[in-house]
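Participant: Show me how the following folds:
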Amino acid sequence: MIEEKLTKVKDMSDPMILAIDHVQLAMPPQQEERAREYYRDLLGLQEVPKPEALALRGGCWFQSGRVAVHLGVQEDFVPAKKAHPAFIVSDLDALKKRLESAGYEVIVDTSVPGVKRFHTSDPFGNRLEFIQEGRSFE
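Facilitator: This next block holds a predicted model:
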């Protein structure tokens, strides 16, 4: 049945999915200031206001160019240890030093030849990946 449905998608010249609008990560309640210290102050993302209808839910939104990260409050929060966003950065080595200086563990991953990257966790334990511009999977 699934194979039958998959074969019906033949013309990919007009794809339905064009881009990712944002990445949503969960965070525990009442931790917006910790989120700001990490995503705004350490990673350099700009905080953007949440729409009024969503602001009462808590959390924070951040952006850098076309990259948008939304942190939403989850009452029964559990960090994402496997699923993760991967961000392309202009200076991976400088970011690595900045994170380590702030006390965050950085795990360099050399398992894919030609790809320069590392993993770390945000202050809530969510896994994040950072990749050097020009040395990504593409």
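
Participant: I'd like to know how many residues surround residue 121.
Facilitator: Counted by other C-beta atoms under 10 Å, the residues lying close to residue 121 total 19. For glycine as for every other residue, the C-beta is placed from the backbone atoms N, C-alpha and C.

Participant: That one bridge partners, please.
Facilitator: With DSSP bridges as the criterion, residue 121 is bridged to residue 127.

Participant: Compute the distance between it and residue 17, please.
Facilitator: Using C-beta to C-beta, to the nearest Å, we find residue 121 at a distance of 28 Å from residue 17.

Participant: hmm, who's touching stretch 112-124?
Facilitator: Outside stretch 112-124, the residues within contact range by C-beta atoms under 8 Å, 6 or more residues apart in numbering are 25-28, 31, 34-35, 37-39, 77, 79, 84, 86, 92, 96, 99, 104-109, 127-132, 135-137.

Participant: So which of those belong to strands?
Facilitator: In this view, those that belong to strands under DSSP state E are 25-27, 86, 107-109, 127-132.

Participant: Now, of those residues, which are buried?
Facilitator: 25-27, 127-128, 130-132 (16 or more other C-beta atoms under 10 Å).
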